[in-house]
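Asks: Take a look and give me a structure for this.
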Amino acid sequence: MNKLLMVSVVLFLFSSLLPAGLPQNVDDEVKNPISEQHDRLVQEQGRTSWKAQLDYTMGRIDPLTGEKSPKYIAILGESTSQMILGGRFLLTRSRTQGKKSAEYQILGYRSDLNQYFFVGLESLRTPFGYRSGRYVDDDRILKDPSGYVTEITRFDSEKKTAVSKVYLGESKTPFFVLNTEPKKGKVSNLLTDLLAAKPIPKVISTSDKLEEPAENYSEEHQLLNNFAGELVAESEEVSPRAGRVICDGRFLALSKLSDAKEKRVTSLTFIGFDSSRGAFQMFVFHDESPNPEYYEGDFDGVTLTFRNPFAGQGKADQPVLIYHFSPRGAGFTESDFREDDEEKRQPVLFKQSRNFRRK
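Replies: Presented below is the predicted three-dimensional model:
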């Protein structure tokens, strides 16, 4: 059983679907200051190297030997973590040995539910991974929406080391253990690196014949390319955007910028398409609130419409964001119904800007 298959097994459990168990978006009217909970995340910044041990039997009988005992394989990699968007979120870029594409995770503390949360984007999976929970003494305990996967992390603030253990169901034995330690070297600016990357990678994995639907590339993933590049509106009052296709073509990172000159990222949006459910997904992170927004979308061939599936009766069907694409690929219009001002809800045309990077 090869290493990539083993990684795929891990991601299958980490990148759980987002059913009704995912907490709904809650409006946060107060501009929340940085909290002591966020201070805990600040300590986890920096470069790290990591080594994981995976029991590929997952507590079951080994299909190769017929034995019922743990069989471990090692997975190596390194990561860079940095607080972003005014210190409200910890963004991590991870590279697994033997894989070309980087993967991303966001860890934060949401004040609306008083809990930590994790969002993961993997190159071998099409759904987002989501876990949430709280600290018990020195252990951060996060569970996926189903409650089947439990991750317990203990971070040593003095040594800057961490141990994460993942358990399945009621098992008392972890099937996955991750050890991290600090790595010397300059810590790069992750958002700057993201903006400097090519809008669309030269090589994208379009594998669509895998047995697990959630791992397959879908035709809908090509729609993410329409958001890639430097995008500007006619009015300078409208913030420009910068889109980058990431994770082997499975996701898009869309940065909202302060202006074309300063290019300070004020919000970060991740868009994906869950091949197993046939639904677009979106997570939005702002520099003015610690609480993420989550939406789901559908595409009718011309228009991509996102809604809040947890908005409650009578509101879940109402559009939140609408993107209308030109048949000739000359840009798109965005209608943002989160705006209170009726004028700001009107469609805004975004087009590619060739001079954007030179400003």
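
Asks: Surely Cys275 and Ser218 touch.
Replies: Careful, residue 275 is Ser; it's not Cys. Yes - if you go by Cβ atoms under 8 Å, Ser275 and Ser218 touch, sitting 4.5 Å apart. From N, CA and C alone the C-beta is placed, and that goes for glycine too.

Asks: any residues in contact with both of these two?
Replies: Thr126 (Cβ atoms under 8 Å, 6 or more residues apart in numbering).

Asks: The two: which has the busier surroundings?
Replies: The residue with more neighbours, out of Ser275 and Ser218, is Ser275; 23 against 17, by other Cβ atoms under 10 Å.

Asks: how far is the helix or strand hosting Arg140 from where the chain is centred?
Replies: Assessed by DSSP states H and E, Arg140 sits inside strand 139-143. Here strand 139-143 is found 18 Å from its chain centre; the criterion is Cα atoms, centre = their mean, to the nearest Å.

Asks: Would you mark the buried spots in the following helix or strand past it?
Replies: Later in the chain than strand 139-143, the nearest helix or strand by DSSP H and E is strand 149-156. Within strand 149-156, the residues that qualify as buried are 149-153, 155, counting by 16 or more other Cβ atoms under 10 Å.

Asks: I'd like the distance from strand 149-156 to the chain centre, please.
Replies: Using Cα atoms, centre = their mean, the offset of strand 149-156 from its chain centre is 19 Å.

Asks: Please identify the pairing partners of it and their relative orientation?
Replies: Strand pairing for strand 149-156, determined by DSSP bridges: strand 139-143 (antiparallel), strand 161-168 (antiparallel).

Asks: List the neighbours of stretch 252-262 that are in contact with it.
Replies: Under the criterion Cβ under 8 Å, 6+ apart, residues 104, 191, 194-195, 224, 227-228, 232, 236, 239-246, 263-272, 353, 356, 359 lie in contact with stretch 252-262.

Asks: which of those residues are buried?
Replies: With burial judged by 16+ other Cβ under 10 Å, the buried subset of the contacts of stretch 252-262 is 104, 191, 194-195, 224, 227-228, 232, 239-246, 263, 265, 267-272, 353, 356.

Asks: Now do the helices in the stretch 201-350 of the chain.
Replies: Using DSSP state H, counting those that start in this stretch, the stretch 201-350 of the chain contains no helices.

Asks: got a pLDDT number for Val9?
Replies: Val9 carries a pLDDT score of 45 in this model.

Asks: And for Ile34?
Replies: For Ile34, the predicted pLDDT is 76.

Asks: just Ser15 next, same as before
Replies: Reported pLDDT for Ser15: 41.

Asks: likewise the one 4 residues further on?
Replies: What the model reports as pLDDT for Pro19 is 38.

Asks: The nearest residue to Pro327 once chain neighbours are set aside: how many residues sit nearby?
Replies: Leaving aside its chain neighbours, Pro327 sits nearest to Val302 (7.5 Å; criterion: Cβ to Cβ, 6 or more residues apart in numbering). Neighbours of Val302 under the rule other Cβ under 10 Å: 10.

Asks: Going forward, the N-terminal residue is numbered 51.
Replies: In the new count, where the first residue is 51, that last one comes out as Val352.

Asks: what residues are up against Val352?
Replies: For Val352, the contacting residues are 374-375, 377, by Cβ under 8 Å, 6+ apart.

Asks: Show me where the chain dips below the pLDDT cut-off.
Replies: Within the chain, the ranges that satisfy pLDDT under 70 run 51-83, 108-116, 118-119, 379-380, 406-409.

Asks: how's it carved up into domains?
Replies: The record's domain split for the chain, according to automatic domain parsing, is 53-232, 240-408.

Asks: What's opposite the nearest residue to Gly183 once chain neighbours are set aside in the beta bridge?
Replies: Excluding its sequence neighbours, the residue lying closest to Gly183 (Cβ to Cβ, 6+ apart) is Leu192, at 4.1 Å. Applying DSSP bridges to Leu192 yields these beta-bridge partners: Gly183, Glu201.

Asks: For Leu192, list the residues it contacts.
Replies: Counted by Cβ under 8 Å, 6+ apart, Leu192 has contacts 166-168, 181-183, 200-201, 203.

Asks: Over to Phe139?
Replies: 91, 133, 156-158, 335, 340.

Asks: With Lys401 instead?
Replies: Here Lys401 is in contact with 281-283, 380-381 (criterion: Cβ under 8 Å, 6+ apart).

Asks: which of those has the most neighbours?
Replies: Leu281 (25 neighbours).

Asks: Run the chain-centre distance for the strand or helix carrying Lys101.
Replies: Counting by DSSP H and E, the element that carries Lys101 is strand 96-105. Relative to its chain's centre, strand 96-105 lies at 19 Å (Cα atoms, centre = their mean).

Asks: packing partners for that strand?
Replies: helix 53-64, strand 122-134, strand 226-232 (3 or more Cβ pairs under 8 Å, 6 or more residues apart in numbering; DSSP states H and E).
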